[in-house]
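>>> here is my input, please return the structure:
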Amino acid sequence: QVQLVESGGGWVQIGGSLRLSCAVSGLTFSSYAVGWFRQAPEKEREFVQGINFDGTVRYNGRSARGRFSISRDDAKSTVYLQMTSLEPSDTAVYYCAAAESLDMSPRVYKYWGQGAQVTVSS
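Numbers count the residues shown, from 1 in each chain. Down below sits the predicted model:
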């Protein structure tokens with residue numbers, strides 16, 4: 001059974017930082033790309049950032065450029081999303097997802113986590 005479990009969400013002040021983790025089990029982690037998506041109330045799911053199977057390629061969504069960074073630790077089967085300079089517009093549920101190839105489209109991702117809430121306010 002494939003599982004993706006996000007952690008590290010919560011409340012943060014404007015301008016603060018958070019690191020989300022996505023722990024993956026039930027598949028050959030080193031063969032999968034992992035992407036982070038987010039969804040705010042009444043908005044479509046948005047691609048944030050993704051990393052390919054061996055960590056050599058990263059895709060950035062518009063919101064992530066210059067502020068977020070993604071990394072993976074194959075020994076721990078975990079992908080991290082480091083977020084800095086957070087703004088209220090970053091408030092959303094953040095999801096990690098796994099796919100056989102890196103892509104910005106959520107339709108490519110077969111496996112999804114349950115999501116982690118991130119709230120940014122003063």
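
>>> is the residue nearest the centre of the chain in a helix, a strand, or coil?
For the chain, the residue nearest the mean C-alpha position is residue 36 (2.5 Å; CA atoms, centre = their mean). Under DSSP: H, G, I helix; E, B strand; the rest coil, the three-state class of residue 36 is strand.

>>> report the contact partners of it.
20, 22, 47-50, 70, 79, 81, 94-97 (CB atoms under 8 Å, 6 or more residues apart in numbering). Placement of C-beta: from N, CA and C, glycine included.

>>> if we use 7 Å, what do you get?
Neighbour list for residue 36: 48, 49, 50, 70, 81, 94, 96 [criterion: CB atoms under 7 Å, 6 or more residues apart in numbering].

>>> could you report the pLDDT at it?
Looking at residue 36, its pLDDT is 98.

>>> next, the closest residue to it other than its chain neighbours: phi, psi?
Excluding its sequence neighbours, the residue lying closest to residue 36 (CB to CB, 6 or more residues apart in numbering) is residue 48, at 4.3 Å. Residue 48 adopts backbone torsions of phi -100, psi -60, taken as degrees, to the nearest 10.

>>> I'm done for today, thanks for sticking with me.
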